[in-house]
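Colleague: predicted model follows, preceded by the sequence.
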Amino acid sequence: MIEEWIFEFLKGTGKLLVNPVFYYLFFVAAYLGVSRVKRERKDFSVRAEKAYFELRQLLPLGLLAGLAISAVMVGAGLVIPIETIVFTAVLTFLWSLTTKVRWMAPVYTLGFAFFATMFAVEHQWPLPSFAKSATDTEQSIFPAIAVLLALLIIAEGFLITKKGRKGTSPKLVKSKRGQTIGVHETKRMWMVPVFLLIPGQALQAHVEWWPVFSIGDHSFSLILVPFAIGFYQRVQGTLPNEAIKLFGLRITVFGVLLLLLSAAGYWYPLAAVGVISLAIIGREFISLRQRMSEDQAPFYFSKRNHGIMVLGVVPDSPADKMALQVGEVVTKVNGVKIFDEKGFYEALQKNGAHCKLDVIGVNGQIRFVQRALYEGDHHELGLLFVQGDKKWDSEAV
């Protein structure tokens, strides 16, 4: 029995490679990295993270989340109709055309796929023969989709908390008063591959060689489905690390609530409709609340009278090795008080072999950092500042 399950999991894994969404998400992640670097070079003449940073974030932690979801879905014997998987893939492509990466989150892909499946069954849409499994499947498929969506939302919150706050991108924008201010934004794409049970007759009737196995009187097939989790957040009123972590925790708690509510669908199948509707409305409300809170907050990354604010730190640069952090304020360089970016570099050039900085940390405490400078080191230490005659985005805040 164990050997049979292992064999089915291996075959299900192979099916991932025939899913176009799998390859498309690599393209989306790569595009996000390239477009970010292009914008950063426009603002600061240097990029922060490398262009393949987003690509490196695509899978590792998503695999772990996918395994956890797979254990619940397969272990509980929850069956998902092939129609829903097809609609989710189609919606993933369609939402990506909006160029709004957050629309590729599960609540907008799988959530709307749920309603598309219901309408397809109710109105007998002329679907291809392989995508008609829901017609002959029990009503329990709809609560199963609600459970899957709740689990994916929990995974989304987990990924945002753990990975969304790393490598946020600094950006210069103009305020309504025409002042240059700094913000941080993160655009991220994660792939969460999940093993799902689908009705065995769904694909076998169309492709005779498609492998199936039986549990009791029912036949099933395992398929590994890549779900996209797109995430976007802009932070202007506080440190990005804190804001994104809080947002991720809210999403996680919301997902747990939905998971508890989805259990009601097994006694009242129509309750799944309410759970999916609540998921879409609630997720949008959480995003709207975050955006409104940021818009009303005072600018955190703005000009300071007693020094210059660190907006970004280039990885592996001298500043990074001195443990300088986003949000800190540099007040002195080599003993010279500074008030703007020009003064920073003039004081830095007074000693080409050594650098000593007086810094006010994010906790308000003053600390001193120093480091010898070597040939080949970044000539600007690798710090990105709010001030300076830099180009900015034309977007108004």
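Modeller: Structure received.
Colleague: and the strand or helix carrying residue 367, how far from the chain's centre?
Modeller: Element membership for residue 367 (DSSP states H and E) is strand 366-372. Put simply, strand 366-372 sits 34 Å off its chain's centre (C-alpha atoms, centre = their mean, to the nearest Å).
Colleague: where do the domain boundaries of this structure fall?
Modeller: 2-296, 308-396 (automatic domain parsing).
Colleague: report the buried residues of the strand holding residue 367.
Modeller: 369, 371 (16 or more other C-beta atoms under 10 Å). Where C-beta positions appear, they are placed from N, C-alpha and C, glycine not excepted.
Colleague: name the helices or strands packed onto the helix or strand following that strand?
Modeller: Using DSSP H and E, the next helix or strand after strand 366-372 towards the C-terminus is strand 383-385. Under the contact criterion of 3 or more C-beta pairs under 8 Å, 6 or more residues apart in numbering; DSSP states H and E, strand 383-385 touches strand 308-313.
Colleague: strands paired with the strand it packs on, and their directions?
Modeller: Applying DSSP bridges to the sheet, strand 308-313 is found paired with strand 329-333 (antiparallel), strand 383-385 (antiparallel).
Colleague: if we can go back for a sec, of the domains of the chain, which shows the lowest average pLDDT?
Modeller: Across the domains of the chain, domain 308-396 has the smallest mean pLDDT, namely a mean of 82.
Colleague: for that one, what is the distance to the chain centroid?
Modeller: 29 Å.
Colleague: contacts only, for the closest residue to residue 370 other than its chain neighbours.
Modeller: Nearest non-adjacent residue to residue 370, counting by C-beta to C-beta, 6 or more residues apart in numbering: residue 356, 4.1 Å away. Residue 356 makes contacts with 333, 334, 335, 368, 369, 370, as judged by C-beta atoms under 8 Å, 6 or more residues apart in numbering.
Colleague: on the three-state scheme, residue 356 is what?
Modeller: strand (DSSP: H, G, I helix; E, B strand; the rest coil).
Colleague: any idea how far residue 335 is from it?
Modeller: Residue 356 sits at a distance of 7 Å from residue 335 (criterion: C-beta to C-beta, to the nearest Å).
Colleague: ditto for residue 179
Modeller: 30 Å.
Colleague: higher neighbour count, those two?
Modeller: residue 179 (13 against 10; other C-beta atoms under 10 Å).
Colleague: would you mark the buried spots in the helix or strand containing residue 72?
Modeller: Element membership for residue 72, per DSSP H and E: helix 60-75. For helix 60-75, burial by neighbour count (16+ other C-beta under 10 Å) applies to 61, 62, 65, 66, 68, 69, 70, 73, 74.
Colleague: just to revisit the earlier point, turn the contacts of residue 356 into JSON lines, including distance to residue 283.
Modeller: Formatted as JSON lines, those follow (distance: C-beta to C-beta, whole Å):
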{"residue": "333", "distance to residue 283": "46"}
{"residue": "334", "distance to residue 283": "50"}
{"residue": "335", "distance to residue 283": "52"}
{"residue": "368", "distance to residue 283": "45"}
{"residue": "369", "distance to residue 283": "42"}
{"residue": "370", "distance to residue 283": "47"}
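Colleague: between the residues you listed, which sits nearest residue 239?
Modeller: Closest to residue 239 out of the contacts of residue 356 is residue 369 (18.8 Å), distances taken as C-beta to C-beta.
Colleague: for residue 367, see how far away the closest residue to the closest one other than its chain neighbours is.
Modeller: By the measure of C-beta to C-beta, 6+ apart, the closest residue to residue 369 outside its immediate chain neighbours is residue 322, 4.5 Å from it. Remark: distance between residue 322 and residue 367 (C-beta to C-beta) = 10 Å.
Colleague: try residue 158
Modeller: Distance from residue 158 to residue 367, by C-beta to C-beta: 33 Å.
Colleague: would you list the phi and psi of the residue nearest to residue 369?
Modeller: Phi and psi for residue 322, reported as degrees, to the nearest 10, are phi -90, psi 10.
Colleague: contacts only, for it.
Modeller: 355, 357, 369, 370, 371, 381.
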